[in-house]
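J.: structure for the following, please:
(one chain, ligands or ions: 2)
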Amino acid sequence: MNIPAEIKNLIEERQIAFSNTEKQVPLKGGFISANDYILTDALIALSLGKNVLLKGPTGSGKTKLAETLSNIFKQPMHSINCSVDMDAEALLGFKTIGQENGKNTIEFVPGPVIKAMNQGHLLYIDEINMAKPETLPILNSVLDYRRMVFNPFTGTVEKAINHFGVIAAINEGYIGTVPLNEALKNRFVVIEVPYVQGNTLKEVLSNESILKDNTKIEKFVMLSEDLITQVRNGQIPEEAASIRALIDTCDLATYMPPLRAVQRGIADKLEEEREKAAVMNIAQTLFV
Ligand SMILES: Nc1ncnc2c1ncn2[C@@H]1O[C@H](COP(=O)(O)OP(=O)(O)O)[C@@H](O)[C@H]1O
Ligand SMILES: [Mg+2]
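T.: Ligands and ions are numbered 1, 2, ... in the order given. All right, here's what the predicted structure looks like:
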């Protein structure tokens, strides 16, 4: 990785700041960059205190990349999975009844946003465009230079400490998503995370799947390439080329004929008969 010296210093600063927390929380890594720039640019942006928006189809490694960044910085990460029913409580926290000296008291249980801000950790907001548009503006002041939020549950203003950082993920155009509000999008630096291909995909499959047969792995790499071509031609939906589904398929192919693995792992998840047939036709040219 080609990282400028000043950025290396900033990364080291974090690694030192979090050297104690590392032992408490297991940190995962393992993202393999499709080109030289995905991982390095994300590191540069976060080191400079920018919010990073990972943009890419389902199963392209966005969560894996966020985990890997957290691992490199040795900085724990708090996650939020956005959905239509996500509300302020899911982001900020909630009140509950506790006990103090035998008396009932109202306690505030901090949510992921406040936890990450108070400890200077990373915040991962997954599928940010699945949230209701009216919920997210709560985060505007968290995401800009103010780095703070008013907590309506306690009536206090929460401020982020040094090293606090935000990574969000978005799958644009996916069913159920809404276009991300401009004011929100404006606060992010965007990094595209496409499906990996060729030798990079081979490496991902070798690392992540239990399939150890090299010839078969190479065929699954070819299958992926053909599937992506069909996605571009509009013949099959994008999720048919998901790396997650491909890893599942490779796992199955360790113990069943590859064609049946493709059927179960990829084809039968699709809605239309025509799409299922398209996937199986491609697979039949590679596997017998
Ligand atoms: N570039 C990559 N490097 C490492 N693993 C990858 C990569 N792309 C996909 N994967 C694997 O594919 C699966 C799905 O990745 P994930 O990060 O959950 O995708 P997303 O969050 O984009 O939906 C995981 O098992 C992950 O390890
Ligand atoms: Mg994910």
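J.: mean confidence for stretch 106-113?
T.: Here stretch 106-113 scores 94 as its mean pLDDT.
J.: buried sites along that stretch?
T.: Neighbour counts using 16 or more other CB atoms under 10 Å place F108, P110, G111, P112, V113 of stretch 106-113 among the buried residues. C-beta: built from backbone N, CA, C; applies to glycine.
J.: wait, what's in contact with the closest residue to the second one other than its chain neighbours?
T.: Nearest residue to P110, sequence neighbours excluded (CB to CB, 6 or more residues apart in numbering): G93, at 4.3 Å. Counting by CB atoms under 8 Å, 6 or more residues apart in numbering, G93 touches F108, V109, P110, G111, I114, N151, F153.
J.: out of these, which sit inside helices?
T.: When DSSP state H is applied, these are split such that I114 fall in helices.
J.: in contact with the residue of the stretch 51-200 of the chain found nearest ligand 1, which residues?
T.: Of all residues in the stretch 51-200 of the chain, G61 sits closest to ligand 1, at 2.7 Å by CB to the nearest ligand atom. G61 makes contact with F31, I32, V193, V196, V204, I243, according to CB under 8 Å, 6+ apart.
J.: turn the buried residues of stretch 106-113 into CSV, including distance to ligand 1.
T.: Converted to CSV, those look like this (distance: CB to the nearest ligand atom, whole Å):
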residue, distance to ligand 1
F108, 31
P110, 25
G111, 21
P112, 17
V113, 20
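J.: where does the stretch 101-250 of the chain dip in pLDDT?
T.: 173-176 (pLDDT under 70).
J.: that older thread, tell me the two of the buried residues of stretch 106-113 that are most distant?
T.: F108 and P112 (14.0 Å; CB to CB).
J.: sorry, back to before: okay, the residue nearest to P110: pLDDT?
T.: 95.
J.: now it. Its backbone dihedrals?
T.: phi 130, psi -180 (degrees, to the nearest 10).
J.: just to revisit the earlier point, and the contacts of G61 near ligand 1, which?
T.: Applying CB under 6 Å from any ligand atom, the subset of the contacts of G61 adjacent to ligand 1 comprises F31, I32, V196, V204, I243.
J.: farthest-separated two in these?
T.: Top of the distance list for those (CB to CB): F31 and I243, 11.3 Å.
J.: which bits of the stretch 1-150 of the chain sit near ligand 1?
T.: Residues of the stretch 1-150 of the chain lying near ligand 1 (CB under 6 Å from any ligand atom): G30, F31, I32, G56, T58, G59, S60, G61, K62, T63, K64.
J.: need the buried ones from those residues selected in PyMOL.
T.: Only the buried entries of these go into this PyMOL selection, using 16+ other CB under 10 Å:
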select buried, resi 31+32+56+58+59+60+61+62+63+64
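J.: now go through the residues of the stretch 1-150 of the chain next to ligand 1 and say which are in helices.
T.: K62, T63, K64.
J.: pLDDT value on the last one, please?
T.: Taken from the predicted model, the pLDDT recorded for K64 is 96.
J.: residues touching it, list them.
T.: K64 makes contacts with G30, F31, as judged by CB under 8 Å, 6+ apart.
J.: cool, the first one as well?
T.: Counting by CB under 8 Å, 6+ apart, K62 makes contact with L54, G56, D126, A169, V193.
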